[in-house]
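Asks: Mind folding the following:
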Amino acid sequence: MNSRNTRAFAFGVLLSVCIIGIFYFSIDDKKAPEMNIDRAKTFIEEKGYVVLTKDNYKQMEKTLSNQTSKEKKEQTPNPPKSKESVTAYQLEIVSGMVSRDIADILAKEKIIDDANRFELYLEENGYSKKIQLGSFELTSKMSYKDMAKIITKS
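Replies: Residues are numbered from 1 along each chain as shown. This next block holds a predicted model:
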């Protein structure tokens, strides 16, 4: 292929791009009609939504909050206060104790309800390998996480 053929090919490509460009920019395609507030509302309502003004929305919020506060007042008569005793225990962890031993002791002393669940919690969250030796004050009101943090000193 010589330079004359290359120039002819380039000229043909340039000419075709110009022709396509002229047609592309001269043909007026249908553009989306301009959206105004009325058209937007009808479009949204056709799609199944509800259109509210800010004032209507604020008024609905106020009535809803009033209704919910009334329902809460009606639903929450003063419940009898149950006197749940809090059990405290001084846990002594010595060398050789594993998470199973600790869970059994705490279940026996009524600090936790289920030894298996507590042991599983320690295993799943990585606390079972961080247990420290020492004496720790635990209560029945503590969560598993609180107890685990205390016995691992973390």
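Asks: sec struct for the closest residue to residue 152 other than its chain neighbours, please.
Replies: Distances taken as CB to CB, 6 or more residues apart in numbering place residue 130 nearest to residue 152, at 4.1 Å, with adjacent residues excluded. In this view, the C-beta of every residue, glycine as well, is placed from N, C-alpha and C. The three-state assignment at residue 130 reads coil, by DSSP: H, G, I helix; E, B strand; the rest coil.
Asks: so how many other residues sit close to residue 130?
Replies: Residues lying near residue 130 (other CB atoms under 10 Å) number 14.
Asks: from what I can see it touches residue 149, true?
Replies: No - using CB atoms under 8 Å, residue 130 makes no contact with residue 149, being 9.8 Å away.
Asks: Return the distance of the residue nearest to residue 152 relative to residue 151.
Replies: Separation of residue 130 from residue 151 (CB to CB, to the nearest Å): 9 Å.
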